[in-house]
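# This is the structure alone, sequence omitted:
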């Protein structure tokens, strides 16, 4: 099956999402899950889902199992969700995918402030922090502030 049929990204609200990689054989097995967002937001959800995985019911559909495991209803058009909460685009370059020397990448860094939680590409955050005069550098790590909420954030130095 093509990639588009095996990968899904589910918005969880609060600038967090769940990237699912589905197995074509058997499709009723638990998917590979990768939580994206501020650690303070996604850690409780990850813990709930991991504790619930032994109870995964193959006779139920994916949505039912995820809702039971996460202890929440997944956003639907009927439930509604802020457009801002659905965004996984980098808050600096406003793109989801960028092409780098290592290939195509999605935002992999997020602000740890639960009120912010905006995602960033590591390269975008690194460039932004290196251009900011208040950023401190120690060895290969830059220490600065989130461009949106001023919460402390770190990035690898651009070499």
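That came through, no problem. All values derive from a computational prediction rather than experimental measurement.
# The chain: strands as residue ranges?
For the chain, applying DSSP state E gives strands covering 7-13, 16-21, 32-36, 98-100, 103-105, 109-110, 119-120, 136-138, 141-145, 152-156.
# export these to a markdown table and tack on mean neighbour count, mean pLDDT and distance to residue 63?
All C-beta atoms are positioned from the backbone trio N, CA, C, and that covers glycine. Formatted as a markdown table, those follow (neighbours: other Cβ atoms under 10 Å; pLDDT from 0 to 100; distance: least, Cβ to Cβ, whole Å):
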| stretch | mean neighbour count | mean pLDDT | distance to residue 63 |
| --- | --- | --- | --- |
| strand 7-13 | 17 | 77 | 9 |
| strand 16-21 | 19 | 82 | 11 |
| strand 32-36 | 16 | 84 | 14 |
| strand 98-100 | 11 | 80 | 31 |
| strand 103-105 | 10 | 76 | 28 |
| strand 109-110 | 22 | 83 | 25 |
| strand 119-120 | 25 | 86 | 24 |
| strand 136-138 | 10 | 88 | 45 |
| strand 141-145 | 17 | 90 | 38 |
| strand 152-156 | 18 | 87 | 34 |
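# Tabulate these (CSV), appending distance to residue 92.
Listed next are the strands of the chain as CSV, based on distance: least, Cβ to Cβ, whole Å:
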stretch, distance to residue 92
strand 7-13, 20
strand 16-21, 18
strand 32-36, 16
strand 98-100, 10
strand 103-105, 14
strand 109-110, 10
strand 119-120, 6
strand 136-138, 19
strand 141-145, 12
strand 152-156, 11
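# how about these, which one is nearest residue 62?
Ranking those by proximity to residue 62 (Cβ to Cβ) places strand 16-21 first, at 7.8 Å.
# what packs against the closest one?
For strand 16-21, the packing partners by 3 or more Cβ pairs under 8 Å, 6 or more residues apart in numbering; DSSP states H and E come out as strand 7-13, strand 32-36, helix 39-52.
# Can you tell me what sits against that strand?
6-12, 31-38, 41-42, 45, 62, 66, 86, 88, 110, 117 (Cβ atoms under 8 Å, 6 or more residues apart in numbering).
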